[in-house]
Every structure is written in C-alpha cells, then in structure tokens.
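1. Prediction below, plus the sequence it came from.
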Amino acid sequence: MSIVHGDGPVVAVALHAGHDVRDEVAALMAVDSAARLREEDPVTDAWVRVAPTHVTVARSRFEVDLNRPRARAVYGDAEDAWGIQVWREQPLPVDVARRSRAEHREFYAAMRSVLDAKVEEYGGFVLLDLHSYNHRRGGPDAPAAESVENPGVNVGTGTLSRRRWGSLVDGFMGDLAVGLGDGADVRENVKFRGGYLARWANDRYRTGCCLAIEFKKTYMDEWTGEPDPAACARITQALRGTIPLLERALDFSLERLKDEVQPRL
C-alpha cells in the first residue's frame, strides 16, 4: 500500500488496482493472472493522483478484497468471485487466510489515520473511491452489455446521507460529465451503490463524504488489459477538474453541519 499525503480535504483511493499476490497465496490459486486482471481495476492507480492525498493498494483483490467486510475479504467459493474458481482446494489453510485478513485490518487502520487527520485540519473530507467495471462478460467479441443498466460512470451514493451531501453529489456528477464531454453518461446508483469502504467511511465520519465511483471499462480492452491512452487521459482530466468544486461544496456542507454531532472517533 502506498499513501501520498498532500494539502486539501480531498482524498482518492484505488482499492482494486493491485495485481500482486504473496507467494504462498499464488501457490494455492486456481485462477490465472489474466482472469484476475479482468476483475481488477487497471489505471485507477493513475487516476487517484488527481487528489493531493491518495492511497494505492498493490495487492490483488483475489488475495484480500478491501471493499468487503473483513470476515468476507478472502474469497471462498466461486459465488464470491463472479463464478471464478479462485482456489485449487478449499478451505484455505487457516494461517494463510489469517495473514490476508490482517492486511484488511492494516488498511483500515491506515485509512483511519489519513481521514482523522483531514477532519482535524479541515473539519471534514471528500473521499473518491475509484473503481472500474466490466461490460463485455460474454467474451471479447460478444456485444457490450446494454447501456440502460450500465452507465459510463456509476456514482454510488447508497451509503451516504443525501440530505447532507446531495448538493456535493449533484455538483460532482455535473462537473464530471462536462469534463468527460461527448454526452457522457454519468448516473447514480444504477450499477452499484457503494461497497464496504464507502459504508465504513460514511458511517464513521459525519463530516466526511465518500463517493464510490465506477468507470465502465470503455477506456480499455477488458479482455487483454490494454488501456486506451486517450480515454484514460480524458478521465484523468475530468476527475482533476472536479477537485475545486468538491472543495467548495465541502465547505458549504460543513457550514450547514456545524451544529451536528462530530465524527465518531
């Protein structure tokens, strides 16, 4: 895990960009590297750099999925992993699973330190939880999934209070759509509502807002893992363009929240 500390209340995190697995884990895996890569979130580790403070996880979600509760962070059967058989044999050795789950605990301790510091300095924060998702699961030559249920960008807000953060959410989605251009399809809670990180952050911090942002993998070939540099750069610029709006919207929201209970530390 890499943490870069910078100024300002906006933090970005790439939970699923990593592809690394420990040797002891790799020796137990039935899933190959290419199949793992298809379910990981390439390039999100570059996008997080739009925020002065950003966190990147190098470990593959197939070793430990930090966007699930710790008890479910190590995949079990294929139902946990999009129908993929992850392990040669089940159950995993207890000590191997325990070491993987320890990474989950360490990550959330580190995030707590980062976000506590933002609350202390700025009164609150905006956390951009960046992900991507597949839309050609039928194969490289199969038709793409229907866009009606697969937006270009899905902003997951299912774990936050829209009463508190609605204006920030709306402003972010509008700015992002403008930055992406070409009639970008940015919608809320269509494909995903947010995972464990978003729930953890939004439940823990009353003056913090976590947005779970999923980009459809039109910026790359999801079967080969090859990115489209122009599409990736467009997303980078669009995300960077939202930072000033997020800072202003956070200040506005914090003014309205001054009389509410402080974050539960």
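-> Happy to help now that I have it. Numbering: from 1, shown residues only.

2. And for Phe62, nearest residue in space, chain neighbours not counted?
-> Counting by CB to CB, 6 or more residues apart in numbering, Arg36 is the residue found nearest to Phe62 once chain neighbours are left out, at 5.1 Å. Where C-beta positions appear, they are placed from N, C-alpha and C, glycine not excepted.

3. which residues in the chain form strands?
-> Counting by DSSP state E, the chain has strands at residues 2-4, 10-14, 53-56, 125-133, 153-156, 186-188, 208-216.

4. So in that sheet, which strands flank the second one, and in what orientation?
-> Think strand 10-14. strand 53-56 (parallel), strand 125-133 (parallel) (DSSP bridges).

5. gap between the residue nearest to Phe62 and Ala81?
-> Distance of Arg36 to Ala81, computed by CB to CB, to the nearest Å: 10 Å.

6. can you list residues touching both of those two?
-> Shared between the contact lists of Arg36 and Ala81 (criterion: CB atoms under 8 Å, 6 or more residues apart in numbering) are residues Phe62.

7. Low-confidence ranges, the stretch 151-265 of the chain, go.
-> Counting by pLDDT under 70, the stretch 151-265 of the chain contains low-confidence ranges at 259-265.

8. still on that earlier bit, could you provide the strands of the chain in JSON lines, with additional columns for mean neighbour count?
-> Putting those into JSON lines (neighbours: other CB atoms under 10 Å) gives the following:
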{"stretch": "strand 2-4", "mean neighbour count": "13"}
{"stretch": "strand 10-14", "mean neighbour count": "26"}
{"stretch": "strand 53-56", "mean neighbour count": "22"}
{"stretch": "strand 125-133", "mean neighbour count": "25"}
{"stretch": "strand 153-156", "mean neighbour count": "23"}
{"stretch": "strand 186-188", "mean neighbour count": "18"}
{"stretch": "strand 208-216", "mean neighbour count": "26"}
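
9. Distance to Phe172 added to the ones you listed, as a markdown table?
-> Rendered in a markdown table, the data for these read as follows (distance: least, CB to CB, whole Å):
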| stretch | distance to Phe172 |
| --- | --- |
| strand 2-4 | 22 |
| strand 10-14 | 11 |
| strand 53-56 | 17 |
| strand 125-133 | 8 |
| strand 153-156 | 7 |
| strand 186-188 | 9 |
| strand 208-216 | 7 |
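
10. closest one to Glu226 among those strands?
-> Proximity to Glu226 (CB to CB) singles out strand 125-133 among the strands of the chain, at 13.8 Å.

11. Thank you, goodbye.
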